[in-house]
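A.B. asks: Could you look at this predicted model? Sequence included:
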Amino acid sequence: MTKKIKLLICSFIGVALIIFLWHQYKVSHLGKLSNQYSSGVYAPSKKLAFRHEEKDLLITKWKLAENKTEYQVISESVMFEFEPYEYTTLGKDYLVHQNIRLKERGLFALGSHRESDEYWTIDIYDLKDLTKKPYSIDLLKSMENGKDIVAVVFGNVTFDEKGQEVLPITLYNSKEDRFTRLLNLDTKEMEGYIPQTGNLDVLPGYEYYPNEIFNFLNGSNISEKFEKQGLVLSNEGRMIYPSKEKVSNKYFKSLFPDNKGKLTEDNKVFILVDTIPKLLTHYERFFESPKELYKDLVIEADHSTDGREHTVQSKEEFLQYYQAPQEEN
């Protein structure tokens, strides 16, 4: 056996050994990840990669900003994975996106040490100039300083008494007291410690934006009509995204011509309006004809003007009988 062949064999064995060791490390590392996040929460880090505006619509694509293999492992093993409407919220002047990867959440995290691969950050996009980089806030660094534990960031932008946009954040302290702090989206500063008593959906003196639309979908079967076309509406009705890759809705697919019909929850459309009539006008675009949207549209009793359930057939009928319930502060 010549020296050259021996060298070649040694090189081959060396490469094979490196590949084997890397594979073993990868299996071990991913196995640990799976176990570590089995009781955690997850909304993978994503960045706005594309945006386009037309007719009061903001058409967006979001790109994964972390290791794809780790993303797949954690997604499959995590106890609670957030839905897009829970970590993305649209205000008046801002679009807020949360990135969350935690092994323990809320009170379970008291006394725990956060690892370097855990994160909870908030990206604030300015709707007046989306070419600017988002303003990013590291919640774990700024809030978890030994006494405050991030529990929940509410999914909706709220207006304070001054008319400023704020994002409520629920926290626990070491005594397990629960309270709210407000992230002012204009100043990017944390404000106030508001003690929480009872199960408050809306803080006293505050209202969701847009107040007219909030809870709008809860009183009708509009969401079901979108679901039949493979689309999901956010809770407050101004964000639309696919529930599966094969979306049958022609209009939604036309907004993403480069995707050739292959769409995921990272293809999100935001409707930039603040009244129900304007919102309905945009909903109509997602149907072959407006009649499809309004046919057998149900208004539940607690959302109707006369306290009775109605099944309507037109936009005029819907607006005649629909009434948003009053929030109790």
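C.D. replies: Thanks, I have it.
A.B. asks: those helices in the stretch 101-250 of the chain, which residues are they?
C.D. replies: Using DSSP state H, counting those that start in this stretch, the helices of the stretch 101-250 of the chain run over 139-143, 222-227, 250-254.
A.B. asks: Out of the ones you listed, which gets nearest to Asp160?
C.D. replies: The closest approach between Asp160 and any of the helices of the stretch 101-250 of the chain, judged by Cβ to Cβ, belongs to helix 139-143 at 19.3 Å. All C-beta spots, glycine's among them, are computed from the backbone N, C-alpha and C.
A.B. asks: Pull the distance from that closest one to the chain's centre.
C.D. replies: 19 Å (Cα atoms, centre = their mean, to the nearest Å).
A.B. asks: Same check on stretch 209-220?
C.D. replies: 18 Å.
A.B. asks: Mean pLDDT added to the helices of the stretch 101-250 of the chain, as JSON lines?
C.D. replies: Listed next are the helices of the stretch 101-250 of the chain as JSON lines, based on pLDDT from 0 to 100:
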{"stretch": "helix 139-143", "mean pLDDT": "81"}
{"stretch": "helix 222-227", "mean pLDDT": "92"}
{"stretch": "helix 250-254", "mean pLDDT": "91"}
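A.B. asks: quick one, which of those is nearest to Glu316?
C.D. replies: helix 222-227 (16.1 Å).
A.B. asks: Quick one: list the elements packing against the closest one.
C.D. replies: strand 231-233, helix 290-294 (3 or more Cβ pairs under 8 Å, 6 or more residues apart in numbering; DSSP states H and E).
A.B. asks: Backbone torsions only: list them for Pro204.
C.D. replies: Torsion angles at Pro204 (phi, psi; degrees, to the nearest 10) stand at phi -60, psi 130.
A.B. asks: For it, the count of nearby residues, please.
C.D. replies: When neighbours are defined as other Cβ atoms under 10 Å, Pro204 has 9 of them.
A.B. asks: And it, how far from Ile194?
C.D. replies: Using Cβ to Cβ, to the nearest Å, Pro204 is found at 9 Å from Ile194.
A.B. asks: what's the closest of the helices of the stretch 101-250 of the chain to Lys262?
C.D. replies: helix 250-254 (9.5 Å).
A.B. asks: Run me through the strand neighbours of the next helix or strand after that closest one, direction for each.
C.D. replies: Proceeding N to C from helix 250-254, the next assigned helix or strand is strand 267-271, under DSSP states H and E. Using DSSP bridges, strand 267-271 pairs in its sheet with strand 57-64 (antiparallel), strand 239-242 (antiparallel).
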